[in-house]
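[1] Show me how the following folds:
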Amino acid sequence: MKALPAASVRVRVTFAVTALFGLALILGAWLLVRAVEQTVLRTVEQRQTGHLEALRAQVEHGVPLDALQLPPGPPNTQFEVRTPASPAMPARVLGVGPRLFLAQRRLPDTDLSTTELATISPKEGRLMLVAMSPLDDVRNSVDALKHVLWAAIPALVVAIALGAWWVTGRALSPVRVMTRRVASITGSTLHERLHVSSSGDEIAELAQTMNSMLDRLERAAQRQREFVSDASHELRSPVASIRTQLEVALAHPDPTRWPAVAQDVLAEDARMEKLVADLLLLARLDESNAVARDEIDLDDLVLEQAARTWRLPVQVHGVQAARLTGDRHQLACVARNLIENAVRHAKGRVEVATTTDGSAIRFTVDDDGEGIPRAHRTRVFERFTRLEEGRSRDGGGAGLGLAMVRRIVELHGGAVRIGKSPLGGARVAISLPTAT
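    Okay, here's the model as predicted:
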C-alpha cells in the first residue's frame, strides 16, 4: 500500500474535523453535566421550598411547634425551626413532632442543599424555617453520567475520525483521478481532456478550469510549432537565394558580374537581418509584460517616422498633440510598421493622424489601396499571416509587423482594429491611454 504524504489534504481534513468534533464533544459533555447538576439541584430546592411553605402556613395560623405536621417528602430531608440570634438570646433550634429532627440528630457532615424561609408565629415571634437535604444522590447521578460520557466520547471521536477519513477520500477521489489523468498528458497528447461531471460542484469546476488550461496550452503549442515552421521557412528563402547566387557565380566566373552578385547577396542579407530582428523583438515582447513608463509625445514620434524615405509621401496634416507614457522604442516600431504597411499597399496616398479625446489617444493610418476584407481583419494580426496580394517576396514583410503592433499596443493598455478607410483602402486605428 502506498504511503500517504504526511501533509496530504485527506490527513489534514480528517485531523481538523476530528479535533474540532472532539473539542465540541468535550465542551458539550461539560455543559451537559453542569446542566443536569443544576437541574437536579433546582428540583431539590423547589421541593424544599414547597415543604417550607406548607410549614409556614401552619406556623402563621398559630399551630404550636410541637404539633407541626410535616408534608410528605424524602426521609433524608431534615427540617429545623430556628429563633433569630441576638446579643441577649443566642440562636437556638426548636425540634417538634416525631418527624421534625432535633438539633442532636442533625445530618452527618456532608454536602447539603439548604433552603431557608422566614415566618412569624403568633406565639414564638420571628422564626426561620430551614430544610436541609443531602446531595449524595445528586452526586452519584452526576458521577454516573460522567462515567457514561467518558466512555462514549472516545468512541464517538474514533467514529467521526473514520467517517471523516472515508468522506474525504470519497470527495477527493475525483481529484486523484484528474491528477493521474493530467500527469499522463504529454506534448503529443495535448488534445486529450478531463471528464467533467454533471454535478456542477467545485470538482466539476476544477475539471473545466483544467480543460481550459489544456486548451490554452494546446493553442500555445500549436502557435509555437507554426511559429518555428514559418520562421524556418522565411529564413530558408534568403539563405537559399544567397547560396544559389554564389553557386552560379562560382560556376560561371565573370569578374564583371561580382558587383551585381554582391548587391543581391546584401539585399537578401538585409532581409534576413530584419526578419531575425523582428523575431527577437517578438520573443522579448512575449517574455515580459512590463514596459517603460516615459513621458512621450506621440505626435513627434509619428512625424519622425513619416519623414523617413518612403515610396509615397505620407500626409501628416491630421497629426495633433498627443502625450502618453510608454516605451519610446516600441511605440516608434508601431508607427514605423503601420506606415510601412500602408505605403506597401497604397496606390498613391497615405495619411496619418493623432487626436486626443479625454483620457484616450487615437492614432490612425489610412491608405487608398485595395483594403482588407472584413473576414481577414482579425487574422492579419497573427504572425506570418500575409494575404494573397501581399505574398510576393519583393513586396516586403514576412507577416510580423501587425503582430508586433498588436502586442505592443496591448502592453501599453490599448487596442487596435482595422476598418474601411475614407480614402478607399484600409484604416488601422489604435487607441491608447493618455499620460496620467
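
[2] so how far is the first residue of stretch 67-82 from its last?
    Start and end residues of stretch 67-82 are separated by 16 Å (CA to CA, to the nearest Å).

[3] quick one, what contacts the closest residue to Ala164 other than its chain neighbours?
    Once flanking residues are discounted, Ala164 sits nearest to Val17: 4.1 Å by CB to CB, 6 or more residues apart in numbering. Every residue, glycine included, has its C-beta placed from N, CA and C. Contacts for Val17 were tallied using CB atoms under 8 Å, 6 or more residues apart in numbering; they are 160-161, 164.

[4] elements contacting whatever helix or strand Leu402 lives in?
    Per DSSP states H and E, Leu402 falls inside helix 401-411. For helix 401-411, the packing partners by 3 or more CB pairs under 8 Å, 6 or more residues apart in numbering; DSSP states H and E come out as helix 258-287, helix 328-345, strand 415-420, strand 426-433.

[5] hmm, try it at 7 Å
    Where contact means 3 or more CB pairs under 7 Å, 6 or more residues apart in numbering; DSSP states H and E, helix 401-411 is packed against helix 258-287, helix 328-345, strand 415-420.

[6] Can you report how many residues lie near the residue nearest to Leu281 when sequence neighbours are not counted?
    Residue nearest to Leu281 in three dimensions, not counting chain neighbours: Met404, with 6.2 Å by CB to CB, 6+ apart. By other CB atoms under 10 Å, 20 other residues sit near Met404.

[7] Okay, Met404 and Arg284: tell me how far apart.
    Distance of Met404 to Arg284, computed by CB to CB, to the nearest Å: 10 Å.

[8] swap in Asp357?
    Asp357 is 31 Å from Arg284, by CB to CB.

[9] and what of Arg349?
    Between Arg349 and Arg284 the computed distance is 34 Å (CB to CB).

[10] Same question for Trp150.
    For Trp150, the distance to Arg284 - CB to CB - is 71 Å.

[11] again with Lys420
    Taken as CB to CB, the span from Lys420 to Arg284 is 33 Å.

[12] ok, now Phe227?
    In this structure, Phe227 and Arg284 are 14 Å apart, going by CB to CB.

[13] try Ala342
    For Ala342, the distance to Arg284 - CB to CB - is 25 Å.

[14] So between these two, which is more surrounded?
    Comparing Ala342 with Arg284 by neighbour count (other CB under 10 Å), the higher total belongs to Ala342, at 27 against 10.

[15] Please name the spatially closest residue to that one (chain neighbours excluded).
    Excluding the flanking residues, the one nearest Ala342 by CB to CB, 6+ apart is Asp367, at 4.1 Å.

[16] Show me the beta-bridge partners of that neighbour.
    Beta-bridge partners recorded for Asp367 (DSSP bridges): Val350.

[17] Touching, it and Val428? I think so.
    No. If you go by CB atoms under 7 Å, Asp367 and Val428 don't touch, sitting 9.0 Å apart.

[18] Now do the shared contacts for the two.
    The overlap between the contact sets of Asp367 and Val428 (CB atoms under 7 Å, 6 or more residues apart in numbering) is empty.

[19] quick one: average confidence on stretch 269-283?
    What stretch 269-283 shows for mean pLDDT is 75.

[20] How far away from the center of its chain is that stretch?
    In terms of CA atoms, centre = their mean, to the nearest Å, the centre of stretch 269-283 is set 41 Å apart from its chain centre.

[21] Tally up the residues packed near Gly413, please.
    13.

[22] Repeat that for Thr355.
    Neighbours around Thr355, by other CB under 10 Å: 15.

[23] which SS state does it fall under?
    Under DSSP: H, G, I helix; E, B strand; the rest coil, Thr355 falls in the strand class.

[24] And the residue nearest to it when sequence neighbours are not counted, what's its pLDDT?
    The shortest distance from Thr355 to any residue other than its chain neighbours is 5.0 Å, reached at Arg362 (CB to CB, 6+ apart). The score at Arg362 is 94. That number is its pLDDT.

[25] Tell me how many other residues surround Glu247.
    Glu247 has 10 neighbouring residues, counting by other CB under 10 Å.

[26] Could you do Leu235 as well?
    16.

[27] Check it and give its pLDDT.
    Value for Leu235, per-residue pLDDT: 73.

[28] leaving aside the residues next to it on the chain, what's closest to Leu25?
    Per CB to CB, 6+ apart, closest to Leu25 is Ile153, 5.0 Å.

[29] contacting residues around that neighbour?
    Shown in contact with Ile153 (CB under 7 Å, 6+ apart): 25-26, 29.

[30] before we move on, what about Arg56?
    117, 119, 129.

[31] Which strand residues bridge the second one?
    It refers to Thr119. Residues in a beta bridge with Thr119, per DSSP bridges, are Leu127.

[32] show me where this structure has helices.
    Along the chain, the segments classed as helices by DSSP state H run 9-60, 136-184, 202-251, 258-287, 298-306, 328-345, 401-411.

[33] Can you get me a residue count around the closest residue to Arg349 other than its chain neighbours?
    Nearest-residue entry for Arg349: Asp368, 4.5 Å, with adjacent residues in sequence omitted and distances by CB to CB, 6+ apart. Neighbours of Asp368 under the rule other CB under 10 Å: 20.

[34] Then the one 4 residues further on?
    Around Ile372 there are 24 other residues, counting by other CB under 10 Å.

[35] And for Ser173?
    Neighbours of Ser173 (other CB under 10 Å): 11.

[36] do the same with Ala321
    Using other CB under 10 Å: Ala321 sits among 12 other residues.

[37] do the one 3 residues further on as well
    Other residues near Leu324 come to 24 when the count uses other CB under 10 Å.

[38] swap in the one 5 residues further on?
    For His329, the count of nearby residues is 12 (other CB under 10 Å).

[39] swap in Asp269?
    Neighbour tally, Asp269, other CB under 10 Å: 14.
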